[in-house]
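Student: Okay, structure incoming, though there's no sequence with it:
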């Protein structure tokens, strides 16, 4: 069985550092990288059928935009680097969804960036990296 690493990726410089770090580790051990982009989405159950249909359409547009503007260029940049690469785009809470992706794919490790933001929201609600450090089903590497 091939070792798999999940990397949380949002297109930021910090997430690219986490991806580059994971790529080095994957190359060293012959692992596959699963680049995961999570779009925050909350299910609004109180919307009308028309509003739900409109929201579903926007969701499809967001998925297509994430694929064409984020993942496709990344796949092109990383092809030929000697590390097998898969991509996943999902909706949900970022930390929970990264854990699900890791579990579903039998990943050995999760890599994410530490944003370094000290916003009030991050201090009150916690960051993705902090949540993963506490709840990840596999070891989690937080890259500065």
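Tutor: Yes, it's here. What you are looking at is a predicted structure, and each value in this text was computed from that prediction instead of being measured.
Student: Next secondary structure after the helix or strand of the chain with the lowest mean pLDDT?
Tutor: Using mean pLDDT, DSSP states H and E, helix 120-125 stands out as the lowest-scoring helix or strand of the chain, at a mean of 45. Using DSSP states H and E, the helix or strand that follows helix 120-125 in sequence is helix 128-135.
Student: number of nearby residues for the closest residue to residue 41 other than its chain neighbours?
Tutor: Nearest residue to residue 41, sequence neighbours excluded (Cβ to Cβ, 6 or more residues apart in numbering): residue 91, at 3.6 Å. For every residue, glycine as well, the C-beta is placed using N, CA and C. For residue 91, the neighbour count with other Cβ atoms under 10 Å is 14.
Student: Checking residue 10 next. Helix, strand or coil?
Tutor: coil (DSSP: H, G, I helix; E, B strand; the rest coil).
Student: What of residue 33?
Tutor: strand.
Student: Next one: it relative to residue 24, how far apart?
Tutor: Distance, residue 33 to residue 24, using Cβ to Cβ, to the nearest Å: 11 Å.
Student: With residue 80 instead?
Tutor: 16 Å.
Student: In terms of packing, which of those two has more residues around it?
Tutor: residue 24 (10 against 7).
Student: Please report the distance of the more buried one from residue 37.
Tutor: 21 Å.
Student: before we move on, what about residue 50?
Tutor: 29 Å.
Student: Also residue 63?
Tutor: From residue 63 over to residue 37 (counting by Cβ to Cβ), the distance is 10 Å.
Student: Looking at these two, which is more packed in?
Tutor: More neighbours surround residue 37 than the other of residue 63 and residue 37, with 22 against 15 (other Cβ under 10 Å).
Student: Residue 80 in helix, strand or coil?
Tutor: coil.
Student: Low-confidence bits of this structure, can you list those?
Tutor: The chain contains residues with pLDDT under 70 at 1, 42-45, 116-126.
Student: For it, which segments are assigned as strands?
Tutor: 4-8, 32-39, 85-91, 109-113, 140-143 (DSSP state E).
Student: can you list these in TSV and add distance to residue 20?
Tutor: Converted to TSV, the strands of the chain look like this (distance: least, Cβ to Cβ, whole Å):
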stretch	distance to residue 20
strand 4-8	10
strand 32-39	11
strand 85-91	13
strand 109-113	10
strand 140-143	9
